[in-house]
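>>> Turn this into a model:
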Amino acid sequence: MELLVLALATWRLTSLLNREAGPFGLLTKFRHLIGIRYDEYSNVYGKNQIAEMVTCHWCLSVWVGIAVAASYYLWNDVWWLMLPLALSTVSIIIDRITEWQ
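Predicted structure coming up:
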C-alpha cells in the first residue's frame, strides 16, 4: 500500500512541477525562474538543462521519484505527507475517466 501511495504522490508532484499553475501562479513563476519559456507557437522549451528536465514529464518523474524514495528511506513518516497527493491523483484519474462531455 505504501508503494502505491508513494507512486501516486510521485506522479502528482511531477504533474504539479511540470504543467500546473499552482496557487497564485507560484509554479508558473517557478518554471519561469528556472528558465522555462514558450515560443510564438506556445511550444515549451528550456533555456538550460534544469529547465529542459522540468519540461519533460518522464525525465522529471525519475528525479521526483528519487526524492520521494529518499525521503521515505530517511524519514518513514513521510508516507503520511504523500497520502494527500496520492488521494489527489486518484481523484484526478476518476475525474478523467468519468469526464462528462
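
>>> what comes up buried for the top helix by length along the chain?
Here the longest helix in the chain is taken by residue count, with DSSP state H as the criterion, and it is helix 78-97. By neighbour count on 16 or more other Cβ atoms under 10 Å, the buried set for helix 78-97 is Val78, Trp79, Met82, Leu85, Ala86, Ser88, Thr89. All C-beta spots, glycine's among them, are computed from the backbone N, C-alpha and C.

>>> Check stretch 59-74 too.
Buried residues in stretch 59-74, counted by 16+ other Cβ under 10 Å: Leu60, Ser61, Val64, Gly65, Val68, Ser71, Tyr72.

>>> okay, those residues in a markdown table with secondary structure next?
Written out in a markdown table, the entries for the buried residues of stretch 59-74 read as follows (DSSP: H, G, I helix; E, B strand; the rest coil):
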| residue | secondary structure |
| --- | --- |
| Leu60 | helix |
| Ser61 | helix |
| Val64 | helix |
| Gly65 | helix |
| Val68 | helix |
| Ser71 | helix |
| Tyr72 | helix |
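
>>> could I get the residues you listed as TSV with pLDDT and distance to Leu27?
Putting the buried residues of stretch 59-74 into TSV (pLDDT from 0 to 100; distance: Cβ to Cβ, whole Å) gives the following:
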residue	pLDDT	distance to Leu27
Leu60	95	12
Ser61	95	16
Val64	96	13
Gly65	95	19
Val68	94	18
Ser71	94	20
Tyr72	92	23
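
>>> Now distance to Phe30 too, for those, in JSON lines please.
Formatted as JSON lines, the buried residues of stretch 59-74 follow (distance: Cβ to Cβ, whole Å):
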{"residue": "Leu60", "distance to Phe30": "13"}
{"residue": "Ser61", "distance to Phe30": "17"}
{"residue": "Val64", "distance to Phe30": "14"}
{"residue": "Gly65", "distance to Phe30": "19"}
{"residue": "Val68", "distance to Phe30": "18"}
{"residue": "Ser71", "distance to Phe30": "19"}
{"residue": "Tyr72", "distance to Phe30": "24"}
